[in-house]
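S.K.: With the input below, show me the fold.
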Amino acid sequence: MSSSEQKYPLVSIITVNYNQSAVTMDLLSSLRKITYPSFETIVVDNSSPNDDPQDIKNKFPEIELIISNKNLGFAGGNNLGVKASKGKYLLFLNNDTEVPPGFLEPLVNLFENDETIGMVSPKIKFHWNPDIVQYAGFSEMNRYTIRNKGLGYHKKDGPEVNDLKETASIHGAAMMVPRKVIKEVGMMTEVYFLYYEEHDWAEKIKKAGYKIVYQPASYILHKESVSTGKDSPFKTYFITRNRILFARRNFSGFPFLASMLFQAFVSLPKNSAVFLLKGRFKHLSAYWRGVFWNLTHYRNLKSNPQL
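M.R.: I've put the predicted structure just below:
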């Protein structure tokens, strides 16, 4: 291994495109300006029906473009990128993000100096206002609501969100994982399709004895929900479905029972009433379909990490 490879280990940057070539190319333009000298960029097109991903390759010939023959969801698309990657570290970036030139060095340096770290996310700020923070860590997953709280969310960037710290979970818009950790615990499970898979992966990595860390010395800008919409029935369905699925895969004993009782007797009637009273019937249908998916899928989704 050369001294350059030792100082700058290869980072594989993986992003998934779905009908958003122009957005993806904005990310790639920002990656062209980064100061870290050793990285590869892998773009996975998730079978975009209304987009020609070849345009991305034509304008950014340095990337590796993988075109899936079907939409594999967030985890499945990223896993295709993992299989093609060569880096010591893998950085998963949402395609609706943009990065500053020096964002990669603090992430790599953290891993190079502490082998007990299994995942790292940078500070995430909103693209529409870089002074406002979206992510500065996560609270523990609440055992009743099956929700976690984004620390620093909508706060002004400043000293309050600038502490390097261990955190309960990772942010899927920007997360770096060493290859050795992926070899040990496996890739992201693909059963979620969209939402909660990064939290599930973080739970597996923590159970393997690794730390999840928030690194404020690095940041990215996030446009947020470009592909799915900030408030759509599609999003309502998958968040509802996967919130319950996360509990099924990661809770046991009393915490699991408590979460299911809370969902049945608090969340379900409350959310149904809200959607009904507001006349949001498509969201109401999506919500109930998300619940019923869990009632009709009985196989052991907990034991098989790739299901």
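
S.K.: From residue 40, how far off is the spatially closest residue to residue 246 that is not a sequence neighbour?
M.R.: Leaving aside its sequence neighbours, residue 246 sits nearest to residue 196 (Cβ to Cβ, 6 or more residues apart in numbering; 4.8 Å). C-beta: built from backbone N, CA, C; applies to glycine. Residue 196 is 28 Å from residue 40, where distance means Cβ to Cβ, to the nearest Å.

S.K.: My read is that the residue nearest to residue 246 contacts residue 243, right?
M.R.: Yes: contact criterion Cβ atoms under 8 Å: residue 196 and residue 243 qualify, at 6.7 Å.

S.K.: what about those two, which has more around it?
M.R.: residue 196 (27 against 22; other Cβ atoms under 10 Å).

S.K.: Now do the contacts for the more buried one.
M.R.: Neighbouring residues of residue 196 by Cβ atoms under 8 Å, 6 or more residues apart in numbering: 239, 242, 243, 245, 246.

S.K.: Identify, from those residues, the entry nearest to residue 296.
M.R.: Taking Cβ to Cβ as the measure, residue 296 lies nearest residue 245 of the contacts of residue 196, at 12.3 Å.

S.K.: can you confirm the closest one is in a helix?
M.R.: Yes: under DSSP: H, G, I helix; E, B strand; the rest coil, residue 245 falls within a helix.

S.K.: What is the neighbour count of it?
M.R.: By the measure other Cβ under 10 Å, the count of residues near residue 245 is 25.

S.K.: Could I get the full set of strands for this protein?
M.R.: Assigned by DSSP state E, the chain shows strands spanning 11-17, 39-45, 64-67, 89-93, 97-98, 117-126, 129-135, 165-166, 174-178, 211-222.

S.K.: Turn those strands into JSON lines, columns for mean pLDDT and distance to residue 23.
M.R.: Shown next, in JSON lines, are the strands of the chain (pLDDT from 0 to 100; distance: least, Cβ to Cβ, whole Å):
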{"stretch": "strand 11-17", "mean pLDDT": "98", "distance to residue 23": "8"}
{"stretch": "strand 39-45", "mean pLDDT": "98", "distance to residue 23": "12"}
{"stretch": "strand 64-67", "mean pLDDT": "98", "distance to residue 23": "15"}
{"stretch": "strand 89-93", "mean pLDDT": "98", "distance to residue 23": "12"}
{"stretch": "strand 97-98", "mean pLDDT": "98", "distance to residue 23": "9"}
{"stretch": "strand 117-126", "mean pLDDT": "98", "distance to residue 23": "15"}
{"stretch": "strand 129-135", "mean pLDDT": "96", "distance to residue 23": "17"}
{"stretch": "strand 165-166", "mean pLDDT": "97", "distance to residue 23": "31"}
{"stretch": "strand 174-178", "mean pLDDT": "98", "distance to residue 23": "15"}
{"stretch": "strand 211-222", "mean pLDDT": "98", "distance to residue 23": "12"}
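
S.K.: Nearest to residue 286, out of these?
M.R.: strand 11-17 (22.5 Å).

S.K.: What lies in contact with that closest one?
M.R.: With contact meaning Cβ under 8 Å, 6+ apart, strand 11-17 is reached by 24, 27, 31, 36, 38-46, 48, 51, 53, 56, 74, 77-78, 81-82, 85-95, 104, 108, 176.

S.K.: again, only using 7 Å
M.R.: Residues external to strand 11-17 that are found in contact with it (Cβ atoms under 7 Å, 6 or more residues apart in numbering): 24, 27, 31, 36, 38-46, 48, 53, 56, 74, 77-78, 81-82, 85-87, 89-95, 104, 108.
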